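Student: Give the three-dimensional model of this entry:
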Amino acid sequence: MEIIKTEALVLKNQSYLDRDYLTNFFTKKLGKIKVFCKGVKKITSRRLAYLDTGNFVEIILRRKNDLFYLEKIELKSGLIAIKNNKRKIPFLFTFLFFLDRLLPEMQPERRIYLLAKKYISHLVFAQDNFNSLRRISICFYNDLLQHLGFTDRELDFREIKKTIEEIIDEKIPLFIYN
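Tutor: Prediction:
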């Protein structure tokens with residue numbers, strides 16, 4: 001049994017059994033991983049709030065037979081400046097959706113992890129208008145696609161959407177495509 005401590009971004013939660021979650025984290029050390037979060041839906045659990053999508057957390061994991069189990073979680077940032085802004089939150093959730101769908105599991109991607117932190121920081125301090133947020137997002141989506149090897153040139157917004165939909169073989173939810 002191995003114990004791992006790492007910084008992570010919460011990408012997605014799925015309810016698992018009665019009291020558990022299966023959570024996708026994008027970690028600094030391991031890349032994207034799925035983690036069993038046992039007992040987090042119990043009324044006495046304090047960990048559930050830390051598992052909100054988009055939170056930056058410090059986690060301690062127990063690895064047993066290629067499965068990860070959450071041992072401890074500490075909130076580093078709840079990204080309240082984004083989550084309380086109705087114009088910014090769709091951009092955050094679209095980026096998290098892209099990360100969850102495009103990143104391979106168990107492949108450390110330190111550069112993309114740093115890119116994700118930088119993008120989120122830009123969202124926090126960006127002007128509160130659609131065009132500004134969209135410009136920032138296009139830049140980071142292009143960086144993401146280029147680093148993962150899906151393109152070698154700058155794409156416009158429609159091309160980004162089309163490229164990602166072809167890669168993941170599904171339609172992108174209408175978070176920011178109005």
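Student: helices or strands next to the host helix or strand of residue 69 in the packing?
Tutor: Remark: residue 69 resides in strand 67-77, with elements defined by DSSP states H and E. For strand 67-77, the helices and strands in contact under the criterion 3 or more C-beta pairs under 8 Å, 6 or more residues apart in numbering; DSSP states H and E are strand 2-16, strand 31-37, strand 56-64. Bear in mind the C-beta positions are built from the backbone N, C-alpha and C, glycine included.
Student: tilt between the last one and strand 31-37?
Tutor: Relative orientation of strand 56-64 with respect to strand 31-37: 70 degrees, computed using axes from the mean of the first three to the mean of the last three C-alpha atoms, to 10 degrees.
Student: Dump the longest helix that the chain contains to CSV, restricted to CA.
Tutor: For the chain, the helix with the greatest residue count under DSSP state H is helix 130-147. Below are the C-alpha coordinates for helix 130-147, written out as CSV (Å, rounded to 0.1, in the frame of the first residue of the first chain):
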residue,chain,number,x,y,z
PHE,A,130,-18.0,37.8,-22.6
ASN,A,131,-15.5,38.9,-25.3
SER,A,132,-12.6,39.3,-22.8
LEU,A,133,-13.3,35.9,-21.2
ARG,A,134,-13.7,34.3,-24.6
ARG,A,135,-10.4,35.7,-25.9
ILE,A,136,-8.5,34.4,-22.8
SER,A,137,-10.2,31.0,-23.2
ILE,A,138,-9.3,30.6,-26.9
CYS,A,139,-5.6,31.2,-26.0
PHE,A,140,-5.6,28.6,-23.3
TYR,A,141,-7.7,26.1,-25.3
ASN,A,142,-5.1,26.4,-28.2
ASP,A,143,-2.3,25.8,-25.7
LEU,A,144,-4.0,22.7,-24.4
LEU,A,145,-4.7,21.2,-27.8
GLN,A,146,-1.2,22.0,-29.0
HIS,A,147,0.5,20.5,-26.0
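Student: what angle separates the strand holding residue 69 from strand 31-37?
Tutor: For the pair strand 67-77 and strand 31-37, the angle between their directions (the same axes, to 10 degrees) equals 100 degrees.
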